[in-house]
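Colleague: Build the 3D model from these lines:
(chains A and B)
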There are 2 protein chains.
Amino acid sequence: MDLAPLLKELPPTIQTAIDKASLKEYGRDWTRYYEPNPSAIVFPKSTDDAQKIIQWARRHKIALVPSGGRTGLSGAAVAKNLEVVVSFEKMNRILSFDEVNQCVTVEPGVITEELQNFAKEKGLYFPVDFASRGSSQIGGNVATNAGGIKVIKYGLIRNWVTSLKVVTGSGDVLELNKSLVKNATGYDLRQLFIGSEGTLGLVTEVTLKLTQAPKPANLFLLGVANLDAVMKVFATFRKACDVTAFELFTEKALGHVLSAFSELNRPFETVAPVYLLVEVETVNDESVQTALSAFESGMNDGLILDGVVSQNETQSKNFWRFREDITEALSKYTPYKNDISVTIANVPEFMSEIDRVFQIEYPDLEIIWFGHIGDGNLHISILKPFDLEMPEFVKRCQKVDALLYSTIQKFGGSISAEHGVGLSKKPFLHFTRSSAEVQFMRQIKKIFDPDSILNPGKIFDLTPL
Amino acid sequence: MDLAPLLKELPPTIQTAIDKASLKEYGRDWTRYYEPNPSAIVFPKSTDDAQKIIQWARRHKIALVPSGGRTGLSGAAVAKNLEVVVSFEKMNRILSFDEVNQCVTVEPGVITEELQNFAKEKGLYFPVDFASRGSSQIGGNVATNAGGIKVIKYGLIRNWVTSLKVVTGSGDVLELNKSLVKNATGYDLRQLFIGSEGTLGLVTEVTLKLTQAPKPANLFLLGVANLDAVMKVFATFRKACDVTAFELFTEKALGHVLSAFSELNRPFETVAPVYLLVEVETVNDESVQTALSAFESGMNDGLILDGVVSQNETQSKNFWRFREDITEALSKYTPYKNDISVTIANVPEFMSEIDRVFQIEYPDLEIIWFGHIGDGNLHISILKPFDLEMPEFVKRCQKVDALLYSTIQKFGGSISAEHGVGLSKKPFLHFTRSSAEVQFMRQIKKIFDPDSILNPGKIFDLTPL
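Modeller: All right, here's what the predicted structure looks like:
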């Protein structure tokens, strides 16, 4: 199909691009297994533009791929089958701020970090935060129900979305919930769009609740003996303190960060198999004392091998780099990534079982564990040896995925905790969602997107294989 | 249709009742405008029972009305058309408690207050709380996405549901989300069932997150000059403090409480048009001081006419009674109730406009305002004069509803903040939800309940009028 004449049917306000560089750039996300191959990119500037694009796509049965900051890790924003990419980067305004409601309304292309900074300027806080904050966009955050490092205290972005304006695949413009705190008037359709990875509608406006600036906190960096110790340290801190972050990384992960960033030094001499970053609110002398006691009792019990508490902002930033710079430190190994979760109580048993599987299946590959362990969420990165070809490497990893996911299923866990399903997790969806659930999802998709123009082939296929 | 032989088809584990007293009792909720007229009551004891009931109802095209504590105020649990009531009162066990996850799994018939007490015993807190806590059931709380007095800090029950087990109207048993904190694997169907008022499925198990016990708090009871003052006091406290409750009631409401409960005395001599209950967390000397400063600055500015801060638990309980006993104090007037919301910023203008409407339309009727003003949520009770017949009274009230709801629509508000739609708000749903939204809801209903056996005629009719 020659798209050029069709693109001319779009209103002149809508910019388009069909040059090779743009097609390559806008056709992919942070996954690197797919060859981008869109047929065009369109740039709406308003809800009206978005609606026109939907109507046009329905008329010509053109598949659309909604696209934000393209930091996704499951291929949900990949266009590899001549789809038209709908980029929201020109809808990047902060539209309004309501001081009484402590709410901000933004277009979907606003960068996560910009919103965080805006909140800060207003003396408030937007608590959805993760390493890709500098590139990811709010629309994409909504599309995957973004989580990150503050979920343990503040929850996922779902908790912070008070309104959504969307254009459905049928072309209807819906204003969902209108920023109300309480609104018990039937099904909360807003919730369906959150986490739907662009398969039901185009999000064109988001209103987010902000919250009070975080309270003073202490940040501990702890070296611990083993997985059981991790959970015991977690239980100790959680019972006594307001835990705002509880992150894990291994010695192997730390090693990669230290060798990638020469300006960083080991936090303490003791080499531990596992490290924890534990942030707790310390609102008064009592809570400072409680946190220190939790730390000391962990040391006395031999659970914590060594540890430090941050003395200032700079030190805290460096502590966070040990955790947040892992992804960048590993990027030269083009790692194969898994992002899984189980309930917190199941973490140690689950990890031991997975470890056994990996030792058998990947004896020759390096595996790096890290994650938001306080949410039961683990990132597992398998590093590609430089001499192994990508297709062969991916094939090997996918073979082990099946074993990994069977174990997840046994523990009632999730094959994708916060990265979404997109393309890469689609074959494995049934390990977490039952066939009845997937069938209901298909039917919901058909209601909102009757011609299947929105991100077709993502999350699930419309007809079971 | 003679139901007796059909009831015999149900497994013997499922108790049934068809006596007149039961039919009357189980056929209604706290609304009093509808004549209960169910044909039977069935009492499942397990998910399996619930599934058998659904299959039986599909086979015979029997309409079912799911029923919890029947404290609803919109008629969602009313059976007036020979439906079979499905009462969950025999599914009232707390099934399990997971200390690491701080989660509790319960059957739907557990009373809200029992769960609150259970949490307390475990050193934790279940923050969904409201006046009918002693009778309402968790299943019903989920069905209406219950709110109450702690929403301003803790949110609605939606935020606390980590798993739902449901039997859909199609007879499928779904285990939704399995208590995971993070699970980005497609549409979050759990969210559809929360607030669906029993129209999509029978909830047979709920897992709820608990949280840490509340921090020390100060409770202020304030008399304020007018609505503008209310919002300014709100802004002052919210900016400076962690507000955990912000409730409003009028002098008229207070008068009814004082005359109904002779053991209660006026909190202070000053008679104010409006009173506020303001609860703020006071975790350290600084926050106590901040709260007192907010109070003092309100006094100095003339916004607060008079006020007291609770000195102990008993006094706090009495302060709360001024607010929570309003419903009971008014019950002898069989009030016509509205439960509406707008965004907080819109409250003063909205209330002034409504007040004008009421002065014109109800010059002879007494109207009592109270509500969760910090959430933009107002309860409006219109008292029935003793000499006015109920049907005539309801007719007059419903006439004014149309004016009230037009105003709500203009302000983008909700015609039902936390009471649901049920029967009584159904004719007015379009004032809050667009026709496209309602049409999507109808289609979703058809997916999960293809024979329309679940609470038919509640929230919306399947075919537009």
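Colleague: next one: stretch A:64-78 to chain centre, how far?
Modeller: With C-alpha atoms, centre = their mean, to the nearest Å as the basis, stretch A:64-78 stands 12 Å off its chain's centre.
Colleague: End to end on that stretch, go ahead and measure it.
Modeller: Criterion C-alpha to C-alpha, to the nearest Å; first-to-last residue distance in stretch A:64-78 is 11 Å.
Colleague: what mean pLDDT would you report for stretch A:345-361?
Modeller: Mean pLDDT, stretch A:345-361: 90.
Colleague: do the same with stretch A:185-204
Modeller: Stretch A:185-204 comes out at a mean pLDDT of 98.
Colleague: Tell me the spacing between A:V84 and B:Q15.
Modeller: 59 Å (C-beta to C-beta, to the nearest Å). For glycine as for every other residue, the C-beta is placed from the backbone atoms N, C-alpha and C.
Colleague: Check A:F322 too.
Modeller: Remark: distance between A:F322 and B:Q15 (C-beta to C-beta) = 60 Å.
Colleague: between these two, who's got more neighbours?
Modeller: A:F322 (23 against 14; other C-beta atoms under 10 Å in any protein chain shown).
Colleague: List the residues that contact that one.
Modeller: Contact partners of A:F322, counting by C-beta atoms under 8 Å, 6 or more residues apart in numbering or on different chains, are A:221, A:249, A:254, A:257, A:264, A:267, A:275, A:277.
Colleague: what kind of secondary structure is the closest residue to chain B within the stretch 101-250 of chain A in?
Modeller: Chain B sits closest to A:Q191 of the stretch 101-250 of chain A, with a gap of 3.4 Å, by C-beta to the nearest C-beta. Recorded secondary structure, A:Q191: helix (DSSP: H, G, I helix; E, B strand; the rest coil).
Colleague: That one reaches B:D188, doesn't it?
Modeller: Yes: judged on C-beta atoms under 8 Å, A:Q191 makes contact with B:D188 at a distance of 5.9 Å.
Colleague: joint contacts of these two?
Modeller: Taking C-beta under 8 Å, 6+ apart as the criterion, A:Q191 and B:D188 both touch A:R158.
Colleague: So which of the two has more stuff around it?
Modeller: Between A:Q191 and B:D188, counting by other C-beta under 10 Å, A:Q191 is the more crowded of the two (24 against 20).
Colleague: Contacts only, for the residue nearest to that one when sequence neighbours are not counted.
Modeller: In this structure, A:Q191 finds its nearest non-sequential neighbour in B:Q191, 3.4 Å apart by C-beta to C-beta, 6 or more residues apart in numbering or on different chains. Going by C-beta under 8 Å, 6+ apart, B:Q191 touches A:188, A:191-192, B:158.
Colleague: if I look at B:Q191, how far off is A:K150?
Modeller: Using C-beta to C-beta, we find B:Q191 at a distance of 21 Å from A:K150.
Colleague: Over to A:D364?
Modeller: Distance, A:D364 to A:K150, using C-beta to C-beta: 37 Å.
Colleague: Check A:E107 too.
Modeller: Taking C-beta to C-beta, one finds A:E107 at 23 Å from A:K150.
Colleague: Check which helices and strands the helix or strand containing A:Q51 sits against.
Modeller: Using DSSP states H and E, A:Q51 maps to helix A:47-60. Packing partners of helix A:47-60 (3 or more C-beta pairs under 8 Å, 6 or more residues apart in numbering or on different chains; DSSP states H and E): strand A:64-67, strand A:84-87, strand A:161-168, strand A:201-209.
Colleague: partners of the second one in the sheet?
Modeller: Looking at strand A:84-87 with DSSP bridges, its paired strands and their directions are strand A:40-43 (parallel), strand A:64-67 (parallel).
Colleague: Can you show me the CA trace of it as CSV?
Modeller: Output of strand A:84-87 as CSV, limited to C-alpha atoms (Å, rounded to 0.1, in the frame of the first residue of the first chain):
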residue,chain,number,x,y,z
VAL,A,84,2.1,4.0,11.4
VAL,A,85,3.7,5.3,14.6
VAL,A,86,1.7,7.9,16.5
SER,A,87,4.3,9.9,18.4
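Colleague: Now do that strand: everything it contacts.
Modeller: If you take C-beta under 8 Å, 6+ apart as the criterion, strand A:84-87 is touched by A:3, A:26-27, A:38-44, A:50, A:53, A:57, A:62-67, A:79, A:109, A:202.
Colleague: If you count neighbours, what's buried in that strand?
Modeller: A:84-87 (16 or more other C-beta atoms under 10 Å in any protein chain shown).
Colleague: how about the residues you listed in CSV, adding pLDDT?
Modeller: Output for the buried residues of strand A:84-87, formatted as CSV (pLDDT from 0 to 100):
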residue, pLDDT
A:V84, 98
A:V85, 98
A:V86, 98
A:S87, 98
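Colleague: and the helix holding A:Q51, what's its mean pLDDT?
Modeller: 98.
Colleague: Equivalent analysis for stretch A:305-314, please.
Modeller: pLDDT averaged over stretch A:305-314 gives 94.
Colleague: mind checking the end-to-end distance for that stretch?
Modeller: Termini of stretch A:305-314 sit 24 Å apart (C-alpha to C-alpha).
Colleague: Find the closest residue to chain B in the stretch 1-150 of chain A.
Modeller: Closest to chain B within the stretch 1-150 of chain A is A:V100: 3.9 Å, counting by C-beta to the nearest C-beta.
Colleague: what number of residues lie near that residue?
Modeller: A:V100, neighbours per other C-beta under 10 Å, totals 16.
Colleague: Three-state assignment for A:R433, please.
Modeller: coil.
Colleague: What's the separation between it and chain B?
Modeller: 6 Å (C-beta to the nearest C-beta, to the nearest Å).
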